[in-house]
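> Take this sequence and fold it.
(2 chains)
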Amino acid sequence: MDLWNWLEYLAWALSALFGLYMIMDWLKTDSSYSEDVLTSSREGELEAMTEEHKG
Amino acid sequence: MMTDTDITSPVMDGMGPHGTKVGLLRVLGPAHVWALGVGIVLVGEYMGWNFAVGKGGAYAALIACWFAGILYTCVAMIDSEVTSTVAAAGGQYTQAKHIVGPLMAFNVGLYLVFAYTMLEAANAITAGYLFSVVATMTGHTGDLDQRPFIILVIMFLAWLNYRGVLATLTFNLVITAIAFVAILVLFLSTSGILGGGLMEHAALFEGHELPYGWIGVLAAMHFGLWYYLGIEGTTQAAEEVRSPARALPFGTLAGIMTLLIAATLTWYICSGVLPWEYLGDGVNGSVAPLFDTARLSGSNGLVWLLGFGTLFATLASANGCINDASRAWFAMGRDKYLPGWFGAVHPKYRTPYRSIVFLVPIALIFALGAPLDQVITFSILSGLLEYTFMPLNIIMFRKKWPLNSIKRGYEHPFHPLPALTLLTLCGITFFAVFLGYGTQLVAMIGFYIVVSLWFHFWRYRFVNRGTQFTMPWPKPQGY
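Now for the predicted structure:
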């Protein structure tokens, strides 16, 4: 076992950690907010607020 | 529309119209746009472009470098004009939706997601390989298992993207800048400007000017794209920049200028030190030509700098690809071109978190299960289809909404010359790709025809037809 063998294990462990973080946070977010709020994003917000175009 | 807008509302987080409660965060500046565009591409300078040398010799690679440079300058100018006007996530997908039509938009959206996800996978494979090289160089015996490193690259960068766009692209800015400066330093220290020079262009080129003649130049075009592939990714940041009309053209055009410089310097440095037969064989010869040149320079400092440059360029590219693929997927979900579930924004981090997480396993499957050259070819083909769409897009844009009808952040010069140039160069490049990867080209086009039929006969019924056109533009001319 040299350093690189340990680094392999470390890489597996960190990958699992990042993956777990995302899945846990995703599940937590989905259960604490309503779908209406989460998917309320609409395109063109800034334009509608700041620009006036000739109709 | 203006009456129900309340930009001071604490509940709506500054975003009123159309009922957005949680939207993407507008925090980016022109430097982030630059970092996104150049970051995705710069890995192509560190490796990959040199296959062009193998196809037609060093001069062919330079001709391809500059012709592809023209192609991408047209791409950057056209993108700057359209995206500074259609400033929404999804980039070219959103442009297509507003200017051409739903079927084109669906296809362009898929080109984007494929091009970026495949490139992300290719970068992760490359990073795994780099780790194994470092392991061997530091005395590790036996084969390093590259898989945990490939997975770690994808997981870490996905996590970074999940947590917020500002940190993600600031990270990209730092590592991209280091990778670019590394090329400049290598040029200064090997060309004879600082200290003794290593360049032997005349001796190396003698008798090998164009080893395969002009057909070799044509074939080199395929890999000439590598110098710039991905600069069009700047458009995906459109909904997250503070000032789209300024930051997008500025970041994109500064990006293509950076790349023209980096590409030409890279060609000059590598072709002046490495013999073309070695340089042009990216598998058994020079895998990372800039790094190989640094090793030949005999300077330990340069070896380390270019070693980190190679790794950083690879990470920056994968990082930008995750950002861009998820924005395109998110935008398609938001319009119900794909299930609306993907159109969700994280209320705290303000990122398209479901799209980011969903694309992780797809990138992993390709990174762990497919050979590198195939993955890259599918990425390039999707990109090429996207570039072919652009000239049609800008011609229709100018026709339907002439210059004085809507406000643009940037107006590109000499229209329709750039569009026609781009179309011609795309045609030439398709032919070049056909020479080398005909089967994949046909398979890819077959795939897009099948999904188009699916979209037309099934999926289109779910699309939010009423709300998908959100730009407050006048009616197009002639309608």
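
> Please count neighbours and contacts with C-alpha atoms only from this point.
Noted.

> which residues of the chain score low on pLDDT?
All of this is about chain A. Confidence mapping of chain A against pLDDT under 70 gives the ranges A:44-55.

> wrong one, chain B
Across chain B, the ranges flagged by pLDDT under 70 are B:1-19.

> longest helix in it, by residue count?
When chain B is parsed with DSSP state H, its longest helix is helix B:417-457.

> That helix: how far from the chain's middle?
Its chain's C-alpha centre and that of helix B:417-457 lie 17 Å apart, by CA atoms, centre = their mean, to the nearest Å.

> How about stretch B:395-403?
Centroid separation for stretch B:395-403 versus its chain: 26 Å, with CA atoms, centre = their mean.

> Next, give phi and psi for residue B:241.
When read as degrees, to the nearest 10, the backbone of residue B:241 gives phi -90, psi 150.

> Report the contact partners of the residue positioned nearest the centre of chain A.
Chain A has residue A:22 as the residue nearest its centroid, 6.9 Å off, counting by CA atoms, centre = their mean. Going by CA atoms under 8 Å, 6 or more residues apart in numbering or on different chains, residue A:22 touches B:159, B:162, B:357.

> Tell me which residues of the helix or strand encompassing residue B:329 come out buried.
Using DSSP states H and E, residue B:329 falls within helix B:300-334. For helix B:300-334, the neighbour count (16 or more other CA atoms under 10 Å in any protein chain shown) marks B:302-303, B:305-334 as buried.

> same for chain A: which of the residues you listed are within range?
Among the buried residues of helix B:300-334, the residues that sit close to chain A (CA under 8 Å from any CA of the partner chain) are residue B:334.

> who are the neighbours of the longest helix of chain B, in terms of helices and strands?
Secondary-structure packing of helix B:417-457 (3 or more CA pairs under 8 Å, 6 or more residues apart in numbering or on different chains; DSSP states H and E): helix B:51-85, helix B:102-137, helix B:213-224, helix B:372-400.

> what do you get if the cut-off is 6 Å, keeping everything else the same?
With contacts taken as 3 or more CA pairs under 6 Å, 6 or more residues apart in numbering or on different chains; DSSP states H and E, helix B:417-457 sits against helix B:213-224.

> now the helix it packs on against helix B:51-85, angle please.
Interaxial angle, helix B:213-224 versus helix B:51-85 (axes from the mean of the first three to the mean of the last three CA atoms, to 10 degrees): 50 degrees.

> Convert the C-alpha atoms of helix B:213-224 to PDB, please.
C-alpha atoms of helix B:213-224 as PDB (Å, rounded to 0.1, in the frame of the first residue of the first chain):
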ATOM      1  CA  GLY B 213      -1.200  17.700 -49.700                       C
ATOM      2  CA  TRP B 214      -4.400  19.800 -49.600                       C
ATOM      3  CA  ILE B 215      -6.700  16.900 -48.700                       C
ATOM      4  CA  GLY B 216      -4.700  16.700 -45.500                       C
ATOM      5  CA  VAL B 217      -5.500  20.300 -44.800                       C
ATOM      6  CA  LEU B 218      -9.200  19.500 -45.300                       C
ATOM      7  CA  ALA B 219      -9.000  16.500 -43.000                       C
ATOM      8  CA  ALA B 220      -7.200  18.700 -40.400                       C
ATOM      9  CA  MET B 221     -10.300  21.000 -40.200                       C
ATOM     10  CA  HIS B 222     -12.100  18.300 -38.100                       C
ATOM     11  CA  PHE B 223      -9.500  18.700 -35.300                       C
ATOM     12  CA  GLY B 224      -9.000  22.400 -36.000                       C
END
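
> quick check: angle from that helix to helix B:417-457?
Angle, helix B:213-224 to helix B:417-457, by the same axes, to 10 degrees: 60 degrees.

> if I look at the closest residue to residue B:432 other than its chain neighbours, how far off is residue B:54?
With sequence-adjacent residues excluded and distances taken as CA to CA, 6 or more residues apart in numbering or on different chains, residue B:432 is closest to residue B:219, at 4.9 Å. Counting by CA to CA, to the nearest Å, the gap from residue B:219 to residue B:54 is 10 Å.

> and if you look at residue B:382?
According to CA to CA, residue B:382 and residue B:54 sit 23 Å apart.

> got the residues of chain A near chain B?
A:11-12, A:15, A:18, A:37-42, A:44, A:55 (CA under 6 Å from any CA of the partner chain).

> Can you report how many residues neighbour residue B:414?
Applying other CA atoms under 10 Å in any protein chain shown, we find 8 residues neighbouring residue B:414.

> Where does the stretch 151-300 of chain B get nearest to chain A, residue-wise?
residue B:152 (4.7 Å; CA to the nearest CA).

> Hey, what's the angle from the helix or strand containing that residue to helix B:102-137? Just curious.
Under the criterion DSSP H and E, the helix or strand holding residue B:152 is helix B:147-163. On the basis of the same axes, to 10 degrees, helix B:147-163 is oriented at 130 degrees to helix B:102-137.

> what's helix B:147-163 in contact with?
A:11-12, A:15, A:18, B:124-125, B:128, B:168, B:319, B:349, B:353 (CA atoms under 6 Å, 6 or more residues apart in numbering or on different chains).
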